[in-house]
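Peer 1: need coordinates for the following:
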Amino acid sequence: MSMTTSQHRKCASIIHSAAVAAAAGNALPAPGAGVAVDMVVMTTMSLSLAGVFGADITEAGAKAMAIAAFKNAALRQPVRTLTKEVAKFIPGLGQCVAPGISFAMIEAAGWSLAKEMATRSHPKRVA
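Peer 2: Down below sits the predicted model:
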């Protein structure tokens, strides 16, 4: 079973807001700071998404989910991940490139989490 229209709309709002926040945080020129921002945003997003599906998770659980989702997104998009951090070493370029890449990665990881949570909240019945 997939998401309801209401759940999809709530997830879209949560994920897009998180992606915008991550993009803003990744405008900082300090290499490595973006990863910290991404993890905080992902943890908060995980907690919010869990609420959409009626799941009760702890902050530690949300952090674990965030790390796993971010890791999967980074492994699927290694060039983007590397480019985001390396670009910060070039004055001006990092502030232009890193936010866009972070936005895309948080969007991808967020929808991956939302789909996983939707599947878990509606397990398939075995006859």
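
Peer 1: buried sites along the single longest helix found in the chain?
Peer 2: Scanning the chain for the helix with the most residues, using DSSP state H, yields helix 93-121. Of the residues in helix 93-121, those with enough neighbours to count as buried (16 or more other C-beta atoms under 10 Å) are 94, 97-99, 101-114, 117-118. C-beta: built from backbone N, CA, C; applies to glycine.

Peer 1: work out the gap between that helix and the centre of the chain.
Peer 2: Helix 93-121 has its C-alpha centroid displaced from the chain centroid by 4 Å (C-alpha atoms, centre = their mean, to the nearest Å).

Peer 1: for stretch 23-36, same thing?
Peer 2: 14 Å.

Peer 1: for the nearest residue to residue 118 once chain neighbours are set aside, what are its contacts?
Peer 2: Computed as C-beta to C-beta, 6 or more residues apart in numbering, the closest residue to residue 118 that is not its neighbour in sequence is residue 3, at 4.6 Å. By C-beta atoms under 8 Å, 6 or more residues apart in numbering, the contact set of residue 3 is 11, 114, 115, 118.

Peer 1: residue 71 too?
Peer 2: Neighbouring residues of residue 71 by C-beta under 8 Å, 6+ apart: there are none.

Peer 1: measure it to residue 25 for me?
Peer 2: Going from residue 71 to residue 25 by C-beta to C-beta, to the nearest Å gives 19 Å.

Peer 1: torsion angles phi and psi at the spatially closest residue to residue 102 that is not a sequence neighbour?
Peer 2: Distances taken as C-beta to C-beta, 6+ apart place residue 26 nearest to residue 102, at 4.0 Å, with adjacent residues excluded. Note on residue 26: its backbone torsions stand at phi -80, psi 0 [degrees, to the nearest 10].
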